[in-house]
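Student: here is a sequence with its predicted model. Questions after.
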Amino acid sequence: MSDVTIGLVGVGKIARDQHLPAIAVTANCRLVATADPNAGVDDVLSYGDLDAMLDAHPEIAAVAICTPTHLRYSQARAALMRGKHVLLEKPPGATLSEVESLISLAAEQGVSLFAAWHSRFAPGVAQAKQWLSERQVQRVNIEWKEDVRVWHPGQAWIWQPGGMGVFDPGINALSIATEILPQPFFLQQARLLVPSNAQTPIAADLSFTDPTGAAIEAAFDFRQTGPQTWDILVDTDGGRLSLTKGGCRLKIDDEVIVDAEEREYPGLYAHFAELVKNGRSEVDVAPLRQVADAFLYGHREVTDAFIE
């Protein structure tokens, strides 16, 4: 298989922390250039925007979009219109309508579109899914709590429409839950806590159920300090599954099944290369739909200003 030549759009924190190192260690992926009006990468050709990058490098086969959510649709559409495969950092768009439009366009253009739910590539997720597939889920507790100052320093877009606030990390939990739980689940109640100087929530409490009546509770919070919390606990008719550390540690009752280092993004890029090779797209909108339901159905409460 020949290398998938990649142009990276958006050289912010997520690109530097995850995408660039992952591309560098993933066989069959090769970074050609980046596009960002404000930043570049040492020893990599950099351009101010997507069109300039693609004009200069027609050999680029695929584009990875790592810009803030509200910019992704127009950039992905431009890349698809030029016949490029596209990887979308999560969430794949600001709205379901945007993502559905991109799915149709990718099919028309005959190229691959990949919604990169990176948390699904955590070490314990696949085995958790297999174990749960043979059991009746009774109750699920999800706790996903981060310090926004650590993960989004100075990034005001997270608090603006399309930025999603606490659902930016929370959607990672939902991407795992929609992958591993054997039944679809549906929102029953949502409480969204919104700072008075923001337009997106800083915390959320969600209640879901599935067709069997299982209770699924999720608590998301962007005000965590100290150790971060990324845990999913599932009680079943065959025991308790604990998927913790963002999916890196899987425990069944008292037995540790997986305890490994996080390597989500190399797995993600390896999968993208396979999709391109086989001419396939993979765009699951289930996590984004759960967030959209929460915004539509949730009760919003205003809290004190948080963002400086």
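Tutor: That came through, no problem. Please read these numbers as outputs of a predicted model, since none were measured by experiment.
Student: look up how far His152 lies from Ile14.
Tutor: Relative to His152, Ile14 is positioned 10 Å away (CB to CB, to the nearest Å). From N, CA and C alone the C-beta is placed, and that goes for glycine too.
Student: of these two, who's got more company?
Tutor: His152 (21 against 18; other CB atoms under 10 Å).
Student: mind checking pLDDT for the nearest residue to that one once chain neighbours are set aside?
Tutor: Leaving out its chain neighbours, the residue that sits closest to His152 by CB to CB, 6 or more residues apart in numbering is Ile158, at 4.9 Å. Listed pLDDT for Ile158 reads 92.
Student: for Ile158, what are its contacts?
Tutor: Going by CB atoms under 8 Å, 6 or more residues apart in numbering, Ile158 touches Val148, His152, Met164, Gly165, Asp168, Thr200.
Student: the first one reaches Ala203, doesn't it?
Tutor: If I follow you right, that is Val148. No. Counting by CB atoms under 8 Å, Val148 sits too far from Ala203 to count as a contact (10.5 Å).
Student: now do the shared contacts for these two.
Tutor: Taking CB under 8 Å, 6+ apart as the criterion, Val148 and Ala203 both touch Val166, Phe222, Arg223.
Student: buried ones in stretch 261-270?
Tutor: By 16 or more other CB atoms under 10 Å, the buried positions in stretch 261-270 come out as Glu264, Tyr265, Pro266, Gly267, Leu268, Tyr269, Ala270.
Student: and for stretch 183-190?
Tutor: Phe185, Leu187, Ala190.
Student: export those residues as CSV, with columns for secondary structure and pLDDT.
Tutor: Formatted as CSV, those follow (DSSP: H, G, I helix; E, B strand; the rest coil; pLDDT from 0 to 100):
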residue, secondary structure, pLDDT
Phe185, coil, 98
Leu187, strand, 98
Ala190, strand, 97
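Student: which one of those is nearest to Ala22?
Tutor: Nearest to Ala22 among the buried residues of stretch 183-190: Phe185, at 30.2 Å, using CB to CB.
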